[in-house]
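A.B. asks: Turn this into a structure:
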Amino acid sequence: MAKRAPNADEQQLKCRVQQTCEKDRAWLMTRQPFTARLMMQLNLIAVVDDRLPTAGTDGEAVFVNAAFMAARSDADRRFVLAHEVWHCALGHHRRELGREAERWNHACDYEINALLSSLLGHCPDDALYHAGFAGQSAEQIYARLSTGSRPLRGQTLDVHDVGGLLGNEGEVNDPDFTPRPVSADNARRWQQRLVATAQQVERQDGKGSLPAHIRTLVEGLRRPEVPWQQVLAAFIQNTLGGNRRWLPPSRRHVYQGLYLPSLRSQTLSLAVALDTSGSCQRDLPHFLSELAGILGACDRVQLDVLEFDTRVARRTTLDESELYRLNQWECHGGGGSDIRPVFTALEATPPDVLVAFTDGHIDVPQNAPGYPVLWCLTQTGQKPTAWGGMVGLAESCVD
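C.D. replies: The predicted model follows:
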């Protein structure tokens, strides 16, 4: 297909939309100064390019399809611009962590659109939106979507991987459409910008001027904690590093600070014990979706999933092609909690690692097994024994 640059009429459309978007940014400065201040960190670039159907950002610029924006109402157009800003501010690129891309994109849009609906008092009719997701993180929403409990409404109004569009075919290729790869440095800069902007707003308007959801995000960045997902990934890496091929690491995760295995000939044998008592039920979907994302970086996986109460109620074996099943996993609550039958069941074929998801109120063996154990504890959980590693899932898994 022959490619061409925008013609004279298309260039005029670009200029007109570019001017309109700049006016939209000025409008936001008077109505939503917090979002507008963040938007000032981004270049606004209108393009006429068949590869970009709507809008998107690479963390340095917001690219908008001129025809798409020209067809939108004033309120919709401003919403789309603010939407791109919040993709950057919320760090959605670095938070994906190997999740299923389409479901993660939907979760991110639900998070942003609920936030902007409150800030702007408007949400496009065809955008993904659910009032029940207000104040929830994309991770929490992702876990709900993965269970099928929330039907999709609307559609995504932007492209989340604009860099991936450059290899697409199209008759019109605009030379101004030049997205760059998202880098770890860029993600860190946006964290700093979010905190700095919040400080400016608080100095001018008072401590209580930030919306609750934004205040929670900012406080988390001011007092950063290592995400439990990263702790879990690092535990697997450090435990198996002596006899597994962790170099070269998976390049798609390096920018997130996660050094996960790339192609290797050996199989990762991982056992997961799931405490199916009632107190753990609400946390299981989110935990399992995160685990699937982490293991998605491994090319060969043998996953042994054991659900237990006072016995091993169900045992399922999955390989790397079946990890998606963790996103739809359904457990049934049991009575008491005794993990000792799990260790008995693993005696014949010990795993490389056992990850035990529990609240810690369980009976455990007196002595440690001959393989590493990581206790993943729910928000109110406690470590059930002195041996083994520990990670607190805290509020990361709580709706």
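A.B. asks: low-confidence ranges in the stretch 51-200 of the chain?
C.D. replies: The stretch 51-200 of the chain contains residues with pLDDT under 70 at 97-98, 146-152.
A.B. asks: Where do the strands of it begin and end?
C.D. replies: Per DSSP state E, counting those that start in this stretch, the stretch 51-200 of the chain carries strands over the ranges 55-57, 61-65.
A.B. asks: got a markdown table for those, with distance to Arg4 and mean neighbour count too?
C.D. replies: Where C-beta positions appear, they are placed from N, C-alpha and C, glycine not excepted. Listed next are the strands of the stretch 51-200 of the chain as a markdown table, based on distance: least, CB to CB, whole Å; neighbours: other CB atoms under 10 Å:
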| stretch | distance to Arg4 | mean neighbour count |
| --- | --- | --- |
| strand 55-57 | 22 | 24 |
| strand 61-65 | 16 | 25 |
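A.B. asks: Nearest approach to Pro372 belongs to which of the ones you listed?
C.D. replies: When the strands of the stretch 51-200 of the chain are compared by CB to CB, strand 55-57 sits nearest Pro372, at 40.6 Å.
A.B. asks: Contacts for the closest one next, please.
C.D. replies: Contact with strand 55-57 is made by 42, 62-65, 68-69, 80-81, 83-85, 87-88, 157-162, 165, 179, as judged by CB atoms under 8 Å, 6 or more residues apart in numbering.
A.B. asks: Quick check: neighbours of it in the sheet, parallel or antiparallel?
C.D. replies: Note on strand 55-57: by DSSP bridges, its sheet partners are strand 61-65 (antiparallel).
A.B. asks: PyMOL command for the buried members of the contacts of strand 55-57?
C.D. replies: PyMOL command restricting those to the buried ones, with burial defined by 16 or more other CB atoms under 10 Å:
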select buried, resi 42+62+63+64+65+68+69+80+81+83+84+85+87+88+157+158+159+160+162+165+179
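A.B. asks: Looking at the contacts of strand 55-57, which are in helices?
C.D. replies: Among those, DSSP state H puts Phe68, Met69, Val80, Leu81, His83, Glu84, Val85, His87, Cys88 in helices.
A.B. asks: wait, isn't the fourth one in contact with Trp27?
C.D. replies: No. Leu81 sits out of contact with Trp27 when judged by CB atoms under 8 Å, with a separation of 9.9 Å.
A.B. asks: between the two, what contacts are shared?
C.D. replies: Counting by CB under 8 Å, 6+ apart, Leu81 and Trp27 have no common neighbour.
A.B. asks: farthest-separated two in the ones in helices among the contacts of strand 55-57?
C.D. replies: Phe68 and Cys88 (19.7 Å).
A.B. asks: re earlier: closest to Pro369 out of the strands of the stretch 51-200 of the chain?
C.D. replies: With CB to CB as the criterion, Pro369 lies closest to strand 55-57 of these, at 47.9 Å.
A.B. asks: Relative to the whole chain's centre, how far out is the closest one?
C.D. replies: Here the centre of strand 55-57 is set off from its chain's centre by 18 Å, with CA atoms, centre = their mean, to the nearest Å.
A.B. asks: Please apply the same query to stretch 176-192.
C.D. replies: Mean-position distance between stretch 176-192 and its chain equals 16 Å (CA atoms, centre = their mean).
A.B. asks: buried ones in that stretch?
C.D. replies: Buried residues in stretch 176-192, counted by 16+ other CB under 10 Å: Phe177, Pro179, Val182, Asn186, Ala187, Trp190, Gln191.
A.B. asks: Stretch 324-334 too?
C.D. replies: Neighbour-count burial for stretch 324-334 flags Leu326, Asn327, Trp329, Cys331, Gly334 (criterion: 16+ other CB under 10 Å).
A.B. asks: pull the longest helix from this protein.
C.D. replies: helix 8-31.
A.B. asks: contacts for the helix or strand that comes right after that helix?
C.D. replies: Scanning forward in sequence from helix 8-31 by DSSP states H and E, the next helix or strand is helix 33-39. With contact meaning CB under 8 Å, 6+ apart, helix 33-39 is reached by 25, 28-29, 62, 81-82, 85-86, 88-89, 119, 193-194, 197-198, 200-201, 210, 214.
A.B. asks: For these, which PyMOL command selects only the ones that are buried?
C.D. replies: In PyMOL, this line selects whichever of these come out buried by 16+ other CB under 10 Å:
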select buried, resi 25+28+62+81+82+85+86+88+89+119+193+194+197+198+201+210+214
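A.B. asks: and the longest helix of the chain, C-alpha only, in PDB?
C.D. replies: Provided in PDB are the C-alpha atoms of helix 8-31 (Å, rounded to 0.1, in the frame of the first residue of the first chain):
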ATOM      1  CA  ALA A   8      -3.600  20.200   2.500                       C
ATOM      2  CA  ASP A   9      -7.200  19.700   3.800                       C
ATOM      3  CA  GLU A  10      -6.000  17.200   6.400                       C
ATOM      4  CA  GLN A  11      -3.300  19.700   7.500                       C
ATOM      5  CA  GLN A  12      -5.900  22.300   8.000                       C
ATOM      6  CA  LEU A  13      -8.000  19.900  10.100                       C
ATOM      7  CA  LYS A  14      -4.900  19.100  12.200                       C
ATOM      8  CA  CYS A  15      -4.200  22.800  12.800                       C
ATOM      9  CA  ARG A  16      -7.900  23.400  13.800                       C
ATOM     10  CA  VAL A  17      -8.000  20.500  16.200                       C
ATOM     11  CA  GLN A  18      -4.600  21.400  17.600                       C
ATOM     12  CA  GLN A  19      -5.900  24.900  18.500                       C
ATOM     13  CA  THR A  20      -9.100  23.500  20.000                       C
ATOM     14  CA  CYS A  21      -7.100  21.100  22.200                       C
ATOM     15  CA  GLU A  22      -4.900  23.900  23.500                       C
ATOM     16  CA  LYS A  23      -8.100  25.800  24.400                       C
ATOM     17  CA  ASP A  24      -9.400  22.700  26.100                       C
ATOM     18  CA  ARG A  25      -6.200  22.600  28.200                       C
ATOM     19  CA  ALA A  26      -6.800  26.300  29.200                       C
ATOM     20  CA  TRP A  27     -10.400  25.500  30.100                       C
ATOM     21  CA  LEU A  28      -9.300  22.600  32.300                       C
ATOM     22  CA  MET A  29      -6.800  25.000  34.000                       C
ATOM     23  CA  THR A  30      -9.800  27.100  35.300                       C
ATOM     24  CA  ARG A  31     -12.100  24.100  36.100                       C
END
